[in-house]
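Asker: compute the structure for the input listed below.
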Amino acid sequence: MMKRFNLANLTLIALTASCLIQVGAQLFAISVVASTVAEAPPRSFAILEGEYRYDSGAFWDIVPNITTVLFVLALIANWKNPRRKPILVALTLFIIGGFAAVFFLEPLFADMIARGYSDQIDPVLLKQAQKWYLIDCMVWVLGLVSGLVLLSALARTAPHEK
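Answerer: Numbers count the residues shown, from 1 in each chain. Sure, this is the predicted structure:
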């Protein structure tokens with residue numbers, strides 16, 4: 001009898017789900033929030049102001065950490081099978097995306113938002129916001145490819161399942 005729900009499979013399924021949840025949340029953030037913020041800054045910063053402002057900070061403080069832990073667990077559980085290589089590729093893409101977010105996206109966003117809301121549109125800030133939006137899209141693509149690589153790893157049969 002084939003054991004489908006072994007540790008290698010379960011950790012890889014959990015990792016893939018977590019990674020794709022992040023990709024979906026990031027797509028929402030890009031298509032709704034980032035596109036609005038980059039539309040006409042600092043006027044478009046209204047989405048980030050006030051009592052009912054948009055704030056997804058709690059999600060981004062928690063979920064990437066869960067995904068990182070799941071990467072480690074899936075790597076350990078799949079170390080001795082052919083899935084190791086795609087998991088390492090996906091992890092590399094995930095780390096590159098994380099570094100881009102921490103070292104480029106977040107500082108650029110903080111710099112833009114520090115200027116605060118104004119009912120005017122600043123052409124210099126508009127260029128900066130468009131650059132931020134482009135980097136955000138590139139980070140999303142890295143996450144998406146990472147998730148697709150994990151899906152391909154799931155499609156591989158581990159040697160002990162044959």
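Asker: list phi and psi for the residue nearest to Leu126 when sequence neighbours are not counted.
Answerer: Nearest residue to Leu126 in three dimensions, chain neighbours excluded: Pro41, at 5.8 Å (C-beta to C-beta, 6 or more residues apart in numbering). (Each C-beta comes from the backbone N, C-alpha and C, glycine too.) When read as degrees, to the nearest 10, the backbone of Pro41 gives phi -70, psi 150.
Asker: Pro41: what's it in contact with?
Answerer: Pro41 makes contact with 112, 121-122, 125-126, 128-129, according to C-beta atoms under 8 Å, 6 or more residues apart in numbering.
Asker: between those, which has the most around it?
Answerer: Ala129 (23 neighbours; other C-beta atoms under 10 Å).
Asker: per-residue confidence for that residue?
Answerer: For Ala129, the pLDDT comes out at 96.
Asker: how far away from the center of its chain is stretch 143-160?
Answerer: 17 Å (C-alpha atoms, centre = their mean, to the nearest Å).
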